[in-house]
Every structure is written in C-alpha cells, then in structure tokens.
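Student: what follows is a protein structure lacking sequence information:
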C-alpha cells in the first residue's frame with residue numbers, strides 16, 4: 001500500500017505570502033515558553049516541533065535552531081541538520097524578519113555525522129544479512145522479527161518509505177493476532193509522526209480486529225484450567241486492552257481532526273484514558289497538555305454547553321489533562337458562563353501556543369471562527385431585540401465589527417433576524433403563525449395517506465386482474481411448510 005508522506009520541507013517551500021500569514025508573535029500579549037513546551041516531547045517529534053516553531057515564530061527561531069541541533073545528536077539521522085537549516089533560512093529570507101546567520105548560532109557536528117553514518121551502514125548490513133538468513137531457513141517467526149527490526153531501523157534513520165515497506169511485509173509472517181496488533185501500532189506511530197492522517201483509520205480498524213481476536217483468545221484460554229488459576233490473568237488483560245484502546249482512540253481523534261470533523265475528533269479525544277494508558281506514546285508522539293488543547297478547541301464549537309460541562313469539566317480523566325494547561329480551564333469556564341469577551345481574549349492570547357502545534361496549526365483559524373460564531377448565536381438566543389452597542393461591549397468589538405459578524409451569520413442562516421443599520425439594532429423576533437403551521441402539517445399528512453391508499457388500490461386491482469406474478473409451486477409449498485412450522 002502506497003502512502004504519500006508529508007515531508008517537513010514542504011511547508012517551508014510555500015510562497016512568502018503564505019508563510020507571512022502563518023507568522024505568529026511572541027510577546028507579553030502572546031506568551032509562549034519554548035523550553036517548558038519542548039520539554040514534554042522526545043525523539044523525532046521534538047525535532048519536528050522545533051522545526052515548525054522555527055518556521056512559525058521568527059522571534060524564537062535562533063533558540064529553536066539551537067535546541068533542534070542539540071536534539072539531532074540524540075537521533076540517528078544526519079540529514080536532519082539540512083532540514084533545520086532550510087527551515088531557518090526560509091524564515092530569514094522573509095523581508096520583515098531580521099535573523100542572524102546560521103553560522104553564528106551553531107555548526108554541524110561533522111564528526112558525529114560520519115560516525116553515525118558508518119554505524120547506520122553497518123547495522124543495516126547486519127539486519128539485511130540476518131533477514132536473508134531467516135528467509136533461506138524459512139523460519140516464519142524470525143522472518144517477522146527481521147522485517148520488524150528493519151522497519152524500526154529505517155524509521156530511526158529517516159527512511160519512512162522503507163520502514164513502512166518492512167512493517168507491512170511483516171504482516172505476512174504474523175502467526176498470532178498479537179503480532180498483527182503490534183504491526184498496526186508500529187505503522188500508526190509512523191503515520192502519526194508523519195502527519196499522514198488519511199491512512200490512520202485503515203490501520204485502526206485492523207488493530208481493532210486483532211485486539212478483539214486477542215481478547216477472545218485470552219478469555220477462552222483460562223477456561224481450560226481450574227477456576228482459581230483462571231481468575232488471575234483477567235485484570236492484566238483488561239489493563240493491556242485499555243492501554244491499546246487509548247492509543248487507537250487517540251489515533252482516530254487525529255484522523256477526524258485531519259478531516260476537519262471536529263465533533264467526532266472531540267468525542268475520541270474525550271475517550272482517551274489517563275496518561276499511563278498511552279504508554280510510550282506520551283512524549284514520543286504527544287504531551288498530556290495537548291489533549292486538553294485538542295479536546296477543548298474541538299468540543300467548544302461542536303458540542304452543547306450541557307455536554308461540555310459533563311464531558312469536559314465533569315470528566316475526571318480529562319480534568320487531569322486540563323491541569324497541564326491551566327488557561328484551558330479558564331477558557332471553558334468563561335464559555336459556560338457566557339463571558340464571551342474573555343473567551344475571545346484567551347483564544348487570542350494563547351493563539352501562538354495553538355499555532356506552534358504540528359497537528360493543530362492548520363485548524364486553529366477555522367476553529368477560532370467557529371467558536372466565535374457559536375458564541376454570537378448563543379448570545380442571541382435569549383433576546384428578541386439586541387442593541388449592537390451593548391453586544392460590542394460584551395464581545396470587545398467595535399459596533400461595525402459586530403454588525404458585520406451578525407449580518408454574516410444571518411446570511412448563512414445561523415441566526416434568524418434582521419439588522420437595523422440606522423438604529424444599530426438587531427431584531428431576532430420571528431412571528432410564528434401556528435395556524436398556518438398546523439394546516440401545513442395536516443396537508444402533508446393527508447398527502448402521505450393519499451399516496452399510500454393509491455398504492456393499496458393499485459395492488460388490489462392488479463390482484464383482481466390476475467396480473468400479479470406468483471412464485472413457483474415448489475417455492476409456495478416450501479413457504480407454506482415454513483409458516484406451519486413457525487405456527488407450531
């Protein structure tokens with residue numbers, strides 16, 4: 001199965017006009033602590049996030065470049081040096097950005113590059129020879145492990161195409177459902193790391209099938225032994241299933257987020273278990289605070305306030321994630337208390353934090369607009385007539401901005417009403433003619449009854465004229481016998 005990988009350099013080769021729209025400030029009005037943020041990640045994910053920060057926040061680009069160079073020496077891919085420098089140079093070339101040259105900040109460790117390249121070459125040769133030996137000896141389990149080890153090696157060295165090839169090849173030699181499950185989880189880590197969301201769902205479904213099979217086998221095996229022995233392993237199996245299920249829920253949440261299906265994404269983010277249930281994915285792919293940001297931003301525009309109160313603030317597991325990002329609790333409480341001015345201020349203040357996230361940055365603009373639109377609709381619900389100047393004070397906008405927002409929502413059908421531009425007021429009262437609605441429902445019901453009766457009359461006339469095609473005699477006898485058996 002071919003997968004179109006998303007290379008890190010793609011976003012850096014966009015036109016300058018596109019990049020200028022993504023540039024985010026870091027100042028007192030938009031605080032962001034790079035050291036505290038990046039400390040929650042490790043491995044290739046930490047490097048990818050640093051490169052994204054370089055291309056998003058020029059103010060932090062020199063510091064992020066130094067951290068990226070330090071992170072590279074903890075990995076096994078010397079080509080990452082060029083990726084980081086390309087990202088820095090692309091931002092430095094923007095006309096409004098003034099950055100020092102790369103040579104003044106840090107330098108490439110050529111000695112380390114040569115050593116790692118030699119070690120990678122030697123290990124690749126060793127693993128390929130081992131796999132060839134296993135293939136000649138036709139040892140199925142050893143062949144599977146050989147492909148798995150080569151997949152891990154190519155992933156560590158940055159060759160994701162070869163990594164996926166060997167992971168997929170190992171499935172042909174899986175002898176148990178647990179082996180299939182391990183292969184699916186390895187591929188999911190790979191595609192999540194590359195942000196290739198479109199292919200997540202297929203491997204989640206395969207992993208679900210393997211997980212069900214493994215659970216069924218685990219449940220049936222203890223039944224063979226005595227009752228005392230069978231009672232011991234069940235909690236362990238349940239804990240293992242919960243850990244795998246949390247990983248699959250997180251993967252499906254990212255899949256729906258990538259498809260801009262924010263309601264489904266919120267549901268899966270809220271289903272994820274505690275950090276312990278995600279195992280080594282915490283830090284390797286995601287940080288605990290990310291769940292608070294992902295789940296909240298997806299839930300606010302897509303869920304009702306009662307659902308938000310019960311599933312976000314009333315959810316003990318999700319509340320633990322919220323503690324990692326304290327401003328998220330303030331955002332939720334302001335939304336529930338209809339303090340929409342503070343909601344918009346919090347979203348703007350922490351917009352840099354949202355834009356530097358490699359999974360969320362392409363959705364932040366749309367999600368912010370959706371939250372703003374929902375807030376305006378909620379503000380309108382209790383009133384029949386609203387003065388735009390009072391609404392501008394409630395949202396922190398000018399009267400003209402409020403008028404534009406309200407007109408846009410009326411045109412899209414989200415608000416039923418009219419705007420009085422002269423008196424700067426909005427009338428949402430809509431006269432409902434209950435008598436006309438009653439007659440409309442009656443006419444619709446009568447039309448449905450008339451259509452049904454015509455069909456029945458047509459069938460009766462066809463039977464009278466003997467124009468109904470009857471089933472063969474043997475089939476009629478078989479149906480009659482079946483009816484008699486059912487009657488007995």
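Tutor: Perfect, thanks for sending it. Because the structure is a prediction, the values reported are computed rather than measured.
Student: tell me how far the residue lying closest to residue 322 once chain neighbours are set aside lies from residue 212.
Tutor: Nearest residue to residue 322, sequence neighbours excluded (C-beta to C-beta, 6 or more residues apart in numbering): residue 292, at 4.7 Å. Every C-beta, even on glycine, is put in place using the N, C-alpha and C of the backbone. Separation of residue 292 from residue 212 (C-beta to C-beta, to the nearest Å): 30 Å.
Student: looking at these two, which is more packed in?
Tutor: residue 292 (26 against 12; other C-beta atoms under 10 Å).
Student: wait, a helix at the more buried one?
Tutor: Yes - assigned with DSSP: H, G, I helix; E, B strand; the rest coil, residue 292 falls within a helix.
Student: which ones are touching the nearest residue to residue 40 once chain neighbours are set aside?
Tutor: Of all residues not flanking residue 40 in the chain, residue 287 sits nearest, at 3.5 Å (C-beta to C-beta, 6+ apart). Residue 287 is in contact with 40, 41, 324, counting by C-beta atoms under 8 Å, 6 or more residues apart in numbering.
Student: again, but for residue 280
Tutor: Taking C-beta under 8 Å, 6+ apart as the test, residue 280 contacts no residue whatsoever.
Student: just the pLDDT for it.
Tutor: Residue 280 carries a pLDDT value of 89.
Student: so, low pLDDT: which residues of the stretch 151-300 of the chain?
Tutor: Residues of the stretch 151-300 of the chain meeting the criterion pLDDT under 70: 217-239.
Student: how about the strands in it?
Tutor: Taking DSSP state E, counting those that start in this stretch, the stretch 151-300 of the chain contains no strands at all.
Student: show me where it has its helices.
Tutor: Counting by DSSP state H, counting those that start in this stretch, the segments of the stretch 151-300 of the chain that form helices are 160-170, 177-193, 200-220, 227-230, 234-258, 262-271, 281-284, 288-299.
Student: let me know which of the ones you listed is the nearest to residue 402.
Tutor: Smallest distance to residue 402 across the helices of the stretch 151-300 of the chain (C-beta to C-beta): 23.5 Å, for helix 288-299.
Student: can you name the next helix or strand after the closest one?
Tutor: The helix or strand immediately downstream of helix 288-299 is helix 305-308, counting by DSSP states H and E.
Student: and the next helix or strand past that next one?
Tutor: Helix 305-308 is succeeded, C-terminally, by helix 316-322 (DSSP H and E).
Student: what helices and strands are in contact with that following helix?
Tutor: With contacts taken as 3 or more C-beta pairs under 8 Å, 6 or more residues apart in numbering; DSSP states H and E, helix 316-322 sits against helix 288-299, helix 326-336.
Student: let's see that with 6 Å instead.
Tutor: helix 288-299 (3 or more C-beta pairs under 6 Å, 6 or more residues apart in numbering; DSSP states H and E).
Student: who touches the helix it packs on?
Tutor: Applying C-beta atoms under 6 Å, 6 or more residues apart in numbering, the contact partners of helix 288-299 are 262, 265-266, 269-270, 275, 308, 321-322, 324-325, 328, 367.
Student: and what of stretch 192-209?
Tutor: 3, 5-6, 181, 184, 187-188, 191, 248, 251-252, 254-255, 258, 285.
Student: pull the most distant pair out of those.
Tutor: Largest pairwise distance in these, by C-beta to C-beta, is 25.5 Å, between 6 and 181.
Student: more neighbours, those two?
Tutor: Ranked by neighbour count (other C-beta under 10 Å), residue 6 and residue 181 place residue 181 first, with 22 against 14.
Student: so how far is residue 171 from that one?
Tutor: Computed with C-beta to C-beta, the distance linking residue 181 and residue 171 is 11 Å.
Student: got it, and residue 184?
Tutor: 9 Å.
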